[in-house]
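Trainee: Got a predicted structure here, sequence first:
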Amino acid sequence: MLGVMACWLGFQLWLTVAAPGKISPDLSRASGRVNVQIDLPFTPERFHVLAVQRYGRIAGADEHSIELRGVRTSDLTSLARPFWVRKVEPLSEDQ
């Protein structure tokens, strides 16, 4: 039981430490709310869309990403924390 608990705590620690590295440096200069593109290593399913929807408005999804608008900059680390998020980048304005 202690081994399982140690593995779970280690995994949670890794998620917390890895999250800031997934966020684009361009977003660190932003304040207020931002529009972002969340890149995934697979095609997003309903679960993934619903999980990120709590941070902003879904603007669309394609083969390997979800577009999210109106995300508070204070929520970016929480948004990047799940293991299935590869990176979080600013949404280009032409989209």
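Mentor: Yep, that arrived. Predicted, not measured: the structure shown is a model, and the values here were computed from it. Numbering: from 1, shown residues only.

Trainee: Can you pull out the low-pLDDT segments for this protein?
Mentor: Counting by pLDDT under 70, the chain shows low-confidence ranges at 93-95.

Trainee: All the helices of it, residue numbers only.
Mentor: Applying DSSP state H to the chain gives helices spanning 2-18, 25-28, 46-53, 76-80.

Trainee: tell me the most buried of those?
Mentor: helix 76-80 (a mean of 19; mean count of other C-beta atoms under 10 Å). (Glycine included, C-beta is placed from N, CA and C.)

Trainee: ok, and what's touching that helix?
Mentor: Around helix 76-80, the neighbours that count as contacts under C-beta atoms under 8 Å, 6 or more residues apart in numbering are 19-20, 22-23, 27, 34, 36, 38, 52, 55, 68, 71, 85, 87-88.

Trainee: export that helix as PDB, just CAs?
Mentor: C-alpha atoms of helix 76-80 as PDB (Å, rounded to 0.1, in the frame of the first residue of the first chain):
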ATOM      1  CA  LEU A  76      -2.400  28.400 -17.400                       C
ATOM      2  CA  THR A  77      -0.400  26.100 -15.100                       C
ATOM      3  CA  SER A  78      -3.600  24.200 -14.100                       C
ATOM      4  CA  LEU A  79      -4.500  23.900 -17.800                       C
ATOM      5  CA  ALA A  80      -1.100  22.500 -18.600                       C
END
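
Trainee: centre of the chain versus it, how much separation?
Mentor: In terms of C-alpha atoms, centre = their mean, to the nearest Å, the centre of helix 76-80 is found 5 Å from the chain centre.

Trainee: which residues touch the closest residue to residue 75 other than its chain neighbours?
Mentor: Using C-beta to C-beta, 6 or more residues apart in numbering and skipping the chain neighbours, the partner closest in space to residue 75 is residue 55 (4.8 Å). By C-beta under 8 Å, 6+ apart, the contact list for residue 55 reads 68, 71-72, 75, 78-79.

Trainee: 10 Å instead, please
Mentor: When contacts are counted by C-beta atoms under 10 Å, 6 or more residues apart in numbering, residue 55 touches 36, 38, 68, 70-72, 75-76, 78-79.
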